[in-house]
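Novice: coords please:
(2 chains)
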Amino acid sequence: MDFINSIPTHMDFDGQARAEKYSRVIITLFGAVGIIWGYIIQQFSQTVYILAAGFLLAAILTIPPWPIYRKRALHWQKARSSDSVEHSKKKKK
Amino acid sequence: MHSVLQRGNAILAYALSVLAFLTFLCFASTVFLDYRTHAEMNTVKVVVKNVPDYSASREKNDLGFLTFDLQTDLSHLFNWNVKQLFLYLTAEYETPSNQLNQVVLWDKIIQRGENSVLDFKNMNTKYYFWDDGNGLKGNKNVTLTLSWNIIPNAGLLPNIFSYGSHSFKFPVEYTTSRM
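Specialist: Numbers count the residues shown, from 1 in each chain, chains lettered A, B, ... in the order given. Predicted coordinates:
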């Protein structure tokens, strides 16, 4: 169980944006190539197959949380001590 | 935060949207094409009998028999948005009781990739040429036309009428002998 929990599954904030962008670009490119090729050889089935290949490639590249999507973790501010939080809240009031 | 399932759902939805758009482009690239073409047909043997129509009223109605020739080249009609053609041969004629009678005598399915250069000689009809009375005997103007229904991947299912038809007469006497 520890081993399963130790597998990293998250993407960082920047990684999610890149994963989505890559998947859009890959599927759009394969779709564009597919419709051009399908039109040239007049077989719409080839268009569908090429798009399906693009979907598979995008799925492999962007669904699993590959390490490249975990390189730019957000640097959160350090948590302030509870005293100072109380203090600032009082100040705002 | 996006999980694996959310990402999978997003790219599947996007891929299906792209597929719908590509399918629309395929439809749009063929919707304005002219699918009409020439077909030549001719009748070889034409007889008419007067026999009981047991499938309808059981009264004696006119039953036409004919054999026909048909030549046409449909190979240029096939494109990436045509899966198959449904050809049908229609006889149209006028009788005293009906201004327009239409009887489908023969049909054929041509799938894409099959031979679409047709040259039929002395073909028998596939379906009975029944009139609903006695309108065939001596009818002077029966017109054969070839039409086809296009079955596409996406889009409309148009009925196309060929250029070219053939008009013939039925004999003025019934044939009584067996054929």
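
Novice: where are the low-confidence patches of chain B?
Specialist: Within chain B, the ranges that satisfy pLDDT under 70 run B:1, B:179.

Novice: Would you mind giving the domain segments of it?
Specialist: B:1-30, B:33-168 (automatic domain parsing).

Novice: For residue B:177, find the nearest of these.
Specialist: domain B:33-168 (9.4 Å; C-beta to C-beta). Every C-beta, even on glycine, is put in place using the N, C-alpha and C of the backbone.

Novice: what about that closest one, how long is it end to end?
Specialist: Start-to-end span of domain B:33-168 (C-alpha to C-alpha, to the nearest Å) is 32 Å.

Novice: likewise stretch B:113-126?
Specialist: 24 Å.

Novice: which residues are contacting that stretch?
Specialist: B:44-45, B:65-75, B:77-78, B:85, B:89, B:105-107, B:110 (C-beta atoms under 8 Å, 6 or more residues apart in numbering or on different chains).

Novice: Any chance of CSV for the domains of chain B, columns mean neighbour count?
Specialist: Shown next, in CSV, are the domains of chain B (neighbours: other C-beta atoms under 10 Å in any protein chain shown):
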stretch, mean neighbour count
domain B:1-30, 16
domain B:33-168, 16
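
Novice: okay if I get these as a markdown table plus distance to residue A:43?
Specialist: Listed next are the domains of chain B as a markdown table, based on distance: least, C-beta to C-beta, whole Å:
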| stretch | distance to residue A:43 |
| --- | --- |
| domain B:1-30 | 11 |
| domain B:33-168 | 6 |
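
Novice: Tell me which of those sits nearest to residue A:60.
Specialist: Of these, the one closest to residue A:60 (C-beta to C-beta) turns out to be domain B:1-30, at 10.6 Å.
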